[in-house]
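Q: no FASTA, just this:
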């Protein structure tokens, strides 16, 4: 169950990163992590914790609820 949720989240993160025009390296710098961490999030091999979800939402101009799969895409 977690793997499917992680893969769905990963696809959303990858799409949002692409829409924002960011490379994995650029997003990693914004998050203060190494690029492989972003890769693992996007492939569903690593689940971001609550604090990291907040950082991702802010970096990608997304609503935190959206990353949780509950509401529309863009931040208000």
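A: The structure has been received and is ready for your questions. As the structure is a prediction and not an experimental result, all values here were calculated from the model.
Q: Okay, and the most centrally placed residue in the chain sits in which element?
A: For the chain, the residue sitting closest to the mean C-alpha position, by Cα atoms, centre = their mean, is residue 13 at 3.8 Å. Applying DSSP states H and E as the criterion places residue 13 in helix 2-19.
Q: Toward the C-terminus, what is the element adjacent to that helix?
A: For helix 2-19, the following helix or strand on the C-terminal side (DSSP H and E) is helix 24-31.
Q: rewinding a little: so for the helix holding residue 13, what's the average pLDDT?
A: Regarding helix 2-19, the rounded mean pLDDT is 86.
Q: rewinding a little: and the residue nearest to the centre of the chain, what is it in contact with?
A: For residue 13, the contact set (Cβ atoms under 8 Å, 6 or more residues apart in numbering) comprises 38, 41-42, 56, 60, 67. In short, each C-beta sits where N, CA and C put it, glycine included.
Q: By pLDDT, give me the weakest of those residues.
A: residue 67 (77).
Q: surely that residue meets residue 12?
A: Yes. Using Cβ atoms under 8 Å, residue 67 is in contact with residue 12, at 7.0 Å.
Q: tell me, what's touching these two both at once?
A: By Cβ under 8 Å, 6+ apart, no residue touches both residue 67 and residue 12.
Q: next one: phi and psi at residue 63?
A: Backbone geometry at residue 63, expressed as degrees, to the nearest 10, gives phi -80, psi 140.
Q: Touching, it and residue 57? I think so.
A: Yes. Between residue 63 and residue 57 there is a contact under Cβ under 8 Å: 6.5 Å.
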